[in-house]
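Participant: Output the structure for:
(2 chains)
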Amino acid sequence: MLERIRYFIVRALRNMRQWPLLCTASILTMAVALATVATFFLVVVNIEQLAERWTNEIQVIAYLQDVPKQQDLPGLIKELKNYPEVEQVTYVSQAKAMKRFSERLGNDADLLEGVRSDLLPASFELGLKPEFRTTDGIAGVLEKLESSLAVEDLRYGQEWLDRFNNFIGMLRFVGALLGAFLLLAALFIVSNTIKLTLYARRDELEIMALVGATMRFIKVPFLLEGAIQGFIGGVISLLFLSVFFTLVVSRYLGTFWLTPADFNLVFLTLWQQFGLVLAGVVLGALGSFSSLRRFVKI
Amino acid sequence: MIQLFNVTKRYSSDSLALKDLTLQIDKGEFVYVTGASGAGKTTFLRLLYAAEKPTRGQILIDNKNISRFRSHQIPFLRRKIGVVFQDFKLLQSRTVYENVAFALEAQGKKRYEVSKKVYQALKEVGLEHRLQRRPVELSGGEQQRIAIARALVVDPLILLADEPSGNLDQEVTLDIMELFKRANARGTTVLLATHDHSLHRRFPRRVLTLDKGKLIGDQQP
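Facilitator: Numbering: from 1, shown residues only, chains lettered A, B, ... in the order given. Here you go, the predicted model:
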C-alpha cells in the first residue's frame, strides 16, 4: 500500500517534470484564478468591514415628555442599561441640549438670546450593542421604551438604517453571485487547461489502458498531479496577494480610499489563507477529475 | 484459448467490419491473420483485447466470455494479453527502461521485481544496453523490439501483433519474427495480423484469411 502511494506520488512529480510547460500553464492558470477570486473576496470583506463601522453611530434617542426628577435619574438610567440591546446610556438634560444647540449654531448662537433654556426636551441617548444595531434590534428597544417611559418622540435613523441594510444585503448578494460566477469561471478555465495537458498526453493514457492499468491506477497520479499543481497555484496566489497587499494596497491605496484614518484594511485571516490553498488543491483535483472522465476510456 | 461464436462487428448501419466469425485458436498456436486493408484484421484483434465490443456473438478467452465484461474487468484481461502495433505506441518522453517497466507497474508489481523482469525482457530482445535511451534516439527496428519487450515482460498468455513489420525493412522483420517465434516456443499463443504474404511463406503457420469482414480461409501449414 505504502509502495503504491509512493509510486503514485513519484509518478505525479515525474509527470510534472516531464511536461514543464504544460505544468507551468496549469499552475499559473490556477494561481491567477484563485488570486482573482481572493481579491474579489477581500474587496467585499473590506467594504463590509468599513460599512460595519458606520453602524457605530446608530443610537436611539428618546425625547421625554416631562423632565425626570433628579433623584429618579440613576434608577431610570439603570433600568435602561438593563435592556439587553443597550450598551450605554447618556442623559441629555434640557440645559445640556440647549448648550449643544448653541454650540452647533456657532457664531449665530446669539440668535438664542432670550430663548428659555427649557425649550428643548430632555432626552436619553441609547448606544446599542453591535449585534443589535439592526432594524429588529432597534424595534425591541423602541417597544420597551414606549412601555416604560413617557416619550414625546423617538429618533433612530430609520431611513438610514433601511438604506444601510439594503446596501449590505445587496453587497452580499452581488458578492455571492459574482464570487460564484468567478469560481465557476475559474473551474472552467482550469478544467480546460488540464484538458489541454491531458490531450497532449492522450497516448500515455491509451498505452496505460492497453497494458492493463486499472481506472484507479491511471487516474490517481493525474488527480494527485492536479492537486499538487493546485497547491502550488494556491501558494503562489497567496504570496502574490500578500505582497501586493503589503506593498501596494495598504501603503498607497489606503491613503486614497475613503476610509477613516484609523481604519486598517483587512487581509485574509490565517484560516482564510489556508482555505485559499485548500481551494487550489480542490480546484486542481476537480479540474483533473472532470477532464479525465473524457480522456480515460478503457 | 480463444473462441469466437458468430461474432459480428458493425460500426454503423453501413459499416460492417466483421461478419459472423466463428473460429477457435488453441493454446500455444501461432496464427497469421491476413487480408487486404479494410478486411477486418485490426477490428478482429481489437475485439480480442476488448478495445471494441462485438455487435453480436460471443468471444471466449481462457474460458471467460469477454463480450460480457464490464469495464472494470477489462484491465485484468489485458494483463494476460500483450499487444504490439505497427506504430510501436511507445512513450517518447520516457526511457527504454521506463517504457517496458510501465506494463509491470500498471499491474502493481514490486520495484525489485520490475527491474529484474525489465532487464530480462530487454536482454531477450537484445536492447539491455539501451536502458536509459529514449525511443526517439533509436531506430524503427529497435523501437519495435522495445514494444515487443513491453508486451512480453508480463508473460502474456496471448501476444497480438497488428502489422508489426509494416514500417520495417526485410532484415529487421526477420529479427522481429524470430522474437515472436521464441515467445511462441515458450507457450504464448501468437496472433499476427499482416498483409505481407512473404511472412507466412517463410515461416509457415496457420493462416486465417479475412475479406470484407468475412472469414474466407483457415489454412493449416
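Participant: now stretch A:201-211: mean pLDDT?
Facilitator: The average pLDDT for stretch A:201-211 rounds to 86.
Participant: ugh, wrong one, stretch A:118-134
Facilitator: 84.
Participant: Show me the residue at the heart of the chain, geometrically.
Facilitator: With no chain named, the answer covers chain A. A:Val45 (2.8 Å; Cα atoms, centre = their mean).
Participant: hmm, I had chain B in mind actually
Facilitator: B:Leu160 (1.7 Å).
Participant: other SSEs contacting the helix or strand hosting that one?
Facilitator: Assessed by DSSP states H and E, B:Leu160 sits inside strand B:158-162. Applying 3 or more Cβ pairs under 8 Å, 6 or more residues apart in numbering or on different chains; DSSP states H and E, we find strand B:158-162 packed against helix B:41-48, strand B:81-85, helix B:170-185, strand B:189-194. From N, CA and C alone the C-beta is placed, and that goes for glycine too.
Participant: next one: that strand to chain centre, how far?
Facilitator: Averaged C-alpha coordinates place strand B:158-162 at 2 Å from its chain's average position (Cα atoms, centre = their mean, to the nearest Å).
Participant: CA atoms only for that strand, dumped as PDB, please.
Facilitator: Extracted in PDB, the C-alpha atoms of strand B:158-162 (Å, rounded to 0.1, in the frame of the first residue of the first chain):
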ATOM      1  CA  ILE B 158      -1.600 -14.300 -25.800                       C
ATOM      2  CA  LEU B 159       0.500 -12.000 -27.900                       C
ATOM      3  CA  LEU B 160      -1.400  -9.900 -30.500                       C
ATOM      4  CA  ALA B 161       0.600  -8.100 -33.200                       C
ATOM      5  CA  ASP B 162      -1.000  -5.700 -35.600                       C
END
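Participant: so what strands line up beside that strand?
Facilitator: strand B:81-85 (parallel), strand B:189-194 (parallel) (DSSP bridges).
Participant: average pLDDT for whichever helix or strand comes after the last one?
Facilitator: Proceeding N to C from strand B:189-194, the next assigned helix or strand is helix B:197-202, under DSSP H and E. Taken as a whole, helix B:197-202 has an average pLDDT of 86.
Participant: can you tell me the distance between the two ends of stretch B:70-89?
Facilitator: Terminal residues of stretch B:70-89 are spaced 25 Å apart (Cα to Cα, to the nearest Å).
Participant: Residues of chain A that sit close to chain B?
Facilitator: Chain A comes close to chain B at residues A:3-4, A:7, A:18-19, A:203-204, A:206-215, A:217, A:298, as judged by Cβ under 8 Å from any Cβ of the partner chain.
Participant: cutoff 6 Å now
Facilitator: A:Gln18, A:Glu204, A:Ile207, A:Leu210, A:Val211, A:Gly212, A:Ala213, A:Thr214, A:Phe217, A:Ile298 (Cβ under 6 Å from any Cβ of the partner chain).
Participant: Tell me how many other residues surround the residue in the stretch 1-150 of chain A positioned nearest to chain B.
Facilitator: Nearest residue of the stretch 1-150 of chain A to chain B: A:Gln18, at 4.7 Å (Cβ to the nearest Cβ). For A:Gln18, the count of nearby residues is 15 (other Cβ atoms under 10 Å in any protein chain shown).
Participant: those strands in the chain, which residues are they?
Facilitator: This is for chain A. Taking DSSP state E to define them, one finds strands in chain A at A:59-64, A:86-92, A:123-128, A:151-155.
Participant: ah, I was thinking of chain B
Facilitator: B:2-12, B:15-25, B:30-34, B:56-61, B:64-65, B:81-85, B:158-162, B:189-194, B:206-211, B:214-219.
Participant: Mean pLDDT added to these, as JSON lines?
Facilitator: What follows is the strands of chain B, written out as JSON lines (pLDDT from 0 to 100):
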{"stretch": "strand B:2-12", "mean pLDDT": "94"}
{"stretch": "strand B:15-25", "mean pLDDT": "93"}
{"stretch": "strand B:30-34", "mean pLDDT": "95"}
{"stretch": "strand B:56-61", "mean pLDDT": "95"}
{"stretch": "strand B:64-65", "mean pLDDT": "94"}
{"stretch": "strand B:81-85", "mean pLDDT": "93"}
{"stretch": "strand B:158-162", "mean pLDDT": "95"}
{"stretch": "strand B:189-194", "mean pLDDT": "95"}
{"stretch": "strand B:206-211", "mean pLDDT": "94"}
{"stretch": "strand B:214-219", "mean pLDDT": "92"}
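Participant: out of the ones you listed, nearest to A:Leu76?
Facilitator: strand B:2-12 (91.5 Å; Cβ to Cβ).
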